[in-house]
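> when you get a sec, could you give me coordinates for this:
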Amino acid sequence: MTVEDPTDPKDLVRRGYDALSWHYRADDADDGAYGPWLATLRERLPAGARVLDLGCGCGIPVARSLADAGYAVTGVDFSQVQLERARRLVPTARFVLADATEVAFPTAAFDAIVCLYVLFHLPLHEQPVLLGRIAGWLRPGGWLLATVAERTWTGTEDGWLGGPAPMWWSHAGVATYRDWIHRAGLELAGEELVPDGYGSGSHPLLWARRPQTSGVATRPSDGWSN
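Predicted coordinates for the structure are as follows:
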């Protein structure tokens, strides 16, 4: 059982998404702005690819879209409410209730990792560490699709989305995210500015790739841990 710390910003985020899950996304929401990003990702993945949806929320739209396309999807989120919804809404995917900074997977476990609107919900010092772990979880040639922040800012918003709970963020600037991705050993392959979907700003959407290595990459075993 997790003991919540009212002074811990990650606990604030967890409690916020527990309370705001349906304010954030309905069960029947469509792919919206995510649609073109997910279509591009599908074009870049081999049949039966393994994909990690890191910070999967209720599973809509990322896990649903990729699972429906026949990929082996694993979702991770630390909101109990979000995970319960994801398991119901995307029954063909596998979901893990865990902090993204603490969950463990084998090296080279995934063909792609999707990390949308997640990094900047973490304390700044944890963000580059997670990017390093993401790089290790990707197979050679594997893709990372992530949203980051354009400008530096840390703060809390009360009544976020008109709901009953506050939300917390900690943003590094986009140049810092580019540097962290490079230091993690990934190569930036594309960048665009996308709206946040709530009329309050925009975020850089980054495509990065783990470099190919010589020889043939082998598939990992199914020895998952969390």
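> got the end-to-end distance for stretch 190-202?
Criterion C-alpha to C-alpha, to the nearest Å; first-to-last residue distance in stretch 190-202 is 16 Å.
> from here on, call the first residue 11.
I'll keep to 11 as the first residue from here, and by that count the last item is stretch 200-212.
> which residues touch the spatially most central residue of the chain?
The chain has Cys125 as the residue nearest its centroid, 2.2 Å off, counting by C-alpha atoms, centre = their mean. By C-beta atoms under 8 Å, 6 or more residues apart in numbering, the residues touching Cys125 are Leu64, Gly65, Ala110, Ile144, Leu154, Leu155, Ala156, Thr157. Where you see a C-beta, it was placed from the backbone N, CA and C, and this is true even at glycine.
> quick one: the last one from Asp18, how far?
Distance, Thr157 to Asp18, by C-beta to C-beta, to the nearest Å: 23 Å.
> these two: which has the busier surroundings?
Thr157 (20 against 13; other C-beta atoms under 10 Å).
> all strands of this structure, in order?
For the chain, the strands defined by DSSP state E occupy 60-64, 82-87, 104-107, 120-125, 148-157, 163-167, 177-181, 197-205, 212-219.
> so what does the first one touch, helix or strand wise?
Applying 3 or more C-beta pairs under 8 Å, 6 or more residues apart in numbering; DSSP states H and E, one finds that strand 60-64 makes contact with helix 72-78, strand 82-87, strand 120-125.
> ok, 10 Å please
Where contact means 3 or more C-beta pairs under 10 Å, 6 or more residues apart in numbering; DSSP states H and E, strand 60-64 is packed against helix 72-78, strand 82-87, strand 120-125, helix 137-147, strand 148-157.
> likewise for the last one?
Contacts of strand 212-219 with other secondary structure elements, assessed using 3+ C-beta pairs under 10 Å, 6+ apart, are made with helix 44-54, strand 120-125, helix 137-147, strand 148-157, helix 184-193, strand 197-205.
> buried deepest among the ones you listed, which one?
Highest mean neighbour count of the helices and strands packed on strand 212-219: strand 120-125, a mean of 25 (counted as mean count of other C-beta atoms under 10 Å).
> quick check: neighbours of it in the sheet, parallel or antiparallel?
Applying DSSP bridges to the sheet, strand 120-125 is found paired with strand 60-64 (parallel), strand 148-157 (parallel).
> nearest to Thr102, out of those strands?
Nearest to Thr102 among the strands paired with strand 120-125 is strand 60-64; the distance by C-beta to C-beta comes to 12.4 Å.
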